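J.: Pasting the sequence and the predicted model now:
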Amino acid sequence: MNILLIGSGGREHALAWKISQSPRVTKLYCAPGNPGIAELAECVDIAADNIPALKDFALQNKIDLTVAGPEVPLTLGIVDEFELAGLKVFGPSKAAAQLEGSKMYAKKIMKKYKIPTAAYAVFTDAQKALEHVYMSRFPVVIKADGLAAGKGVTVAVSLVEAKRAIHAALRDKVFGEAGAQIIIEEFLSGEEASLLAFCDGKDFVPMVSAQDHKAVYDEDKGPNTGGMGAYSPAPAVTKEILRQVGETIFKPLLDGMAKEGAPYKGVLYAGLMLTPGGPKVVEFNCRFGDPETQAVLPRLQTDIVDIFEACLGGQISAQKISWSDAAAVCVVLAADGYPGQYAKGKEISGIAAAAALPDTCVFHAGTAKQDGRLVTSGGRVLGVTALGADIPAAIKNAYKAAGLISFPGLHKRKDIGKKALAYLP
């Protein structure tokens with residue numbers, strides 16, 4: 001098979017790494033890719049949101065399956081466009097991808113189909129939003145409605161913070177159109193977890209659990225990022241919670257989306273809060289999570305191409321999917337200043353030494369080649385993932401590998417996986 005992977009981040013490097021292991025793959029392309037992906041696939045200089053050019057490339061190169069990594073091409077309707085051209089593509093339709101493209105849409109669907117989530121209100125007017133928070137109990141959660149690369153969410157613990165977030169979105173337009181409408185939610189207490197599922201429009205098969213670390217600094221301090229690391233499994237997600245999530249979230253969502261005329265095919269990501277009243281949805285994403293993918297896929301033992309085709313063929317419930325019992329921890333190496341302003345072009349060293357360690361992968365996220373040197377080109381630069389017999393062993397292995405890599409201004413959290421330790425005997 002000829003396969004086209006779309007995207008350029010750490011998630012796409014992990015997908016390229018797993019797809020390339022399939023004996024069914026004849027040729028793997030990635031658009032636009034990155035230097036790490038270039039070691040596994042032929043990178044094509046087409047932006048992930050340039051759907052006409054991607055479609056032309058897929059037709060000209062007889063692509064048998066396209067896998068869309070990031071959310072933007074999915075919300076723009078790449079699946080619909082490719083299918084109209086007779087091309088097979090893994091991911092949800094434009095209508096189904098609204099679950100991530102519009103938080104208000106997701107909230108309406110959850111309310112309609114009785115899926116547990118936080119109470120909320122929607123605003124386009126800053127003064128009305130401020131009047132709402134005056135009457136609210138803090139903390140409150142303020143979210144840009146549209147896509148904001150993981151940075152459109154503020155947990156405001158005071159009126160001052162809430163005002164700042166509301167004005168940033170509605171008055172100062174820092175998120176552009178994505179923040180023209182905001183959602184103000186009640187704050188959910190509990191432990192966060194991520195559960196992804198392979199979906200075929202009517203049925204789903206959950207993946208192994210994971211937990212992301214959103215805040216930039218240790219102990220969950222500082223602003224939210226796209227994710228500073230992840231581990232899998234998340235011990236907080238017990239078998240009983242898995243059952244509850246399946247029955248109260250995944251099943252009613254898939255049934256509801258089918259009734260809406262937008263059956264959901266692809267990967268569905270449920271960001272969860274494990275509250276005393278049971279699991280509730282914080283957000284839905286319409287694709288693999290980043291960096292959860294870098295912790296989950298190294299545990300996958302089944303050919304991922306077979307899984308993609310089972311989803312597209314409505315046969316996911318018949319697909320046997322095997323996972324390693326090993327634990328995985330991914331530590332993100334970021335540029336100093338991220339998620340704010342940061343420098344680029346810093347030379348990176350030590351990747352080969354880290355990747356040579358047993359059961360270790362170094363996934364490129366924000367890297368580039370410059371005059372033959374590997375340099376930083378993004379806020380999240382690398383994701384270092386290591387396996388271990390259990391979470392403590394995986395933490396030790398991941399930080400050992402991460403310690404071998406350096407570039408000026410490197411920043412990483414030092415507590416990835418720490419929350420899991422409280423559940424261990």
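T.: Everything's here; your move.
J.: Now for residue 183: which residues touch it?
T.: By CB atoms under 8 Å, 6 or more residues apart in numbering, the residues touching residue 183 are 103, 104, 107, 120, 121, 122, 123, 142, 143, 145. Quick note: C-beta positions are derived from backbone N, CA and C, even for glycine.
J.: Just the closest of these to residue 332, please.
T.: Of all those, residue 143 has the smallest distance to residue 332: 22.3 Å, by CB to CB.
J.: Just grab the bridge partners of the closest one for me.
T.: As for beta bridges, residue 143 partners with residue 153, residue 183 under DSSP bridges.
J.: what's around it, how many residues?
T.: 25 (other CB atoms under 10 Å).
J.: How about residue 81?
T.: By the measure other CB under 10 Å, the count of residues near residue 81 is 17.
J.: Kindly report the same for residue 394.
T.: If you count neighbours by other CB under 10 Å, residue 394 ends up with 27.
J.: Tell me if I'm right that it and residue 387 touch.
T.: Yes - between residue 394 and residue 387 there is a contact at 5.9 Å, judged by CB atoms under 8 Å.
J.: Spell out which residues are contacts of both of those two.
T.: Counting by CB under 8 Å, 6+ apart, the residues touching both residue 394 and residue 387 are 326, 327, 328.
J.: any idea what sits nearest the first one, other than its immediate chain neighbours?
T.: Ranked by CB to CB, 6 or more residues apart in numbering and with sequence neighbours excluded, the top spatial neighbour of residue 326 is residue 387, at 4.4 Å.
J.: So residue 392: helix, strand or coil?
T.: helix (DSSP: H, G, I helix; E, B strand; the rest coil).
J.: cool, and the one 5 residues further on?
T.: Under the three-state scheme (three-state DSSP), residue 397 adopts helix.
J.: Return the residues in contact with it.
T.: Applying CB under 8 Å, 6+ apart to residue 397 gives the contacts 329, 357, 358, 359, 360, 386, 387, 388.
J.: Spatially, and excluding backbone neighbours, which residue is closest to the residue nearest in space to the middle of the chain.
T.: By CA atoms, centre = their mean, the mean C-alpha position of the chain lies nearest to residue 289, the distance being 1.8 Å. Using CB to CB, 6+ apart and skipping residues adjacent in sequence, the residue nearest residue 289 is residue 269, 4.9 Å away.
J.: which of the residues in the stretch of helix or strand that neighbour belongs to are buried?
T.: Using DSSP states H and E, the element containing residue 269 is strand 265-275. The neighbour-count check on strand 265-275 (16 or more other CB atoms under 10 Å) flags 265, 266, 267, 268, 269, 270, 271, 272, 273, 274 as buried.
J.: Check stretch 129-149 too.
T.: For stretch 129-149, burial by neighbour count (16+ other CB under 10 Å) applies to 129-130, 132-133, 136, 139-148.
J.: Looking at these, which one is closest to residue 248?
T.: Lowest distance from residue 248 to those (CB to CB) belongs to residue 141, with 20.8 Å.
J.: Next one: the closest one from residue 103, what distance?
T.: According to CB to CB, to the nearest Å, residue 141 and residue 103 sit 11 Å apart.
J.: and what of residue 181?
T.: Here residue 181 is placed at a distance of 9 Å from residue 103 (CB to CB).
J.: more crowded one of these two?
T.: Between residue 181 and residue 103, residue 103 has the larger neighbour count (other CB under 10 Å), namely 27 against 19.
J.: tell me the contacts of the more buried one?
T.: Counted by CB under 8 Å, 6+ apart, residue 103 has contacts 143, 144, 145, 146, 183, 283.
J.: closest to residue 51 among the residues you listed?
T.: Taking CB to CB as the measure, residue 51 lies nearest residue 146 of these, at 18.2 Å.
J.: So, low pLDDT: which residues of the stretch 51-200 of the chain?
T.: For the stretch 51-200 of the chain, residues meeting the criterion pLDDT under 70 lie at 150.
J.: any chance you could map the helices in it?
T.: Applying DSSP state H, counting those that start in this stretch to the stretch 51-200 of the chain gives helices spanning 51-60, 71-75, 78-84, 98-101, 103-112, 126-134, 159-166.
J.: Pick the most buried one from those.
T.: Ranked by mean neighbour count, these are led by helix 71-75 with a mean of 24 (mean count of other CB atoms under 10 Å).
J.: got the contact list for it?
T.: Contact partners of helix 71-75, identified using CB under 8 Å, 6+ apart, comprise 6, 48-49, 51, 54, 68, 91-92, 94, 97-98, 100-101, 147, 266, 285-287.
J.: Next: stretch 141-157.
T.: Outside of stretch 141-157, the residues within contact range by CB under 8 Å, 6+ apart are 71-72, 75, 100-104, 118, 122, 133, 138-140, 161-162, 164-166, 169, 175, 177-187, 214, 223-227, 339.
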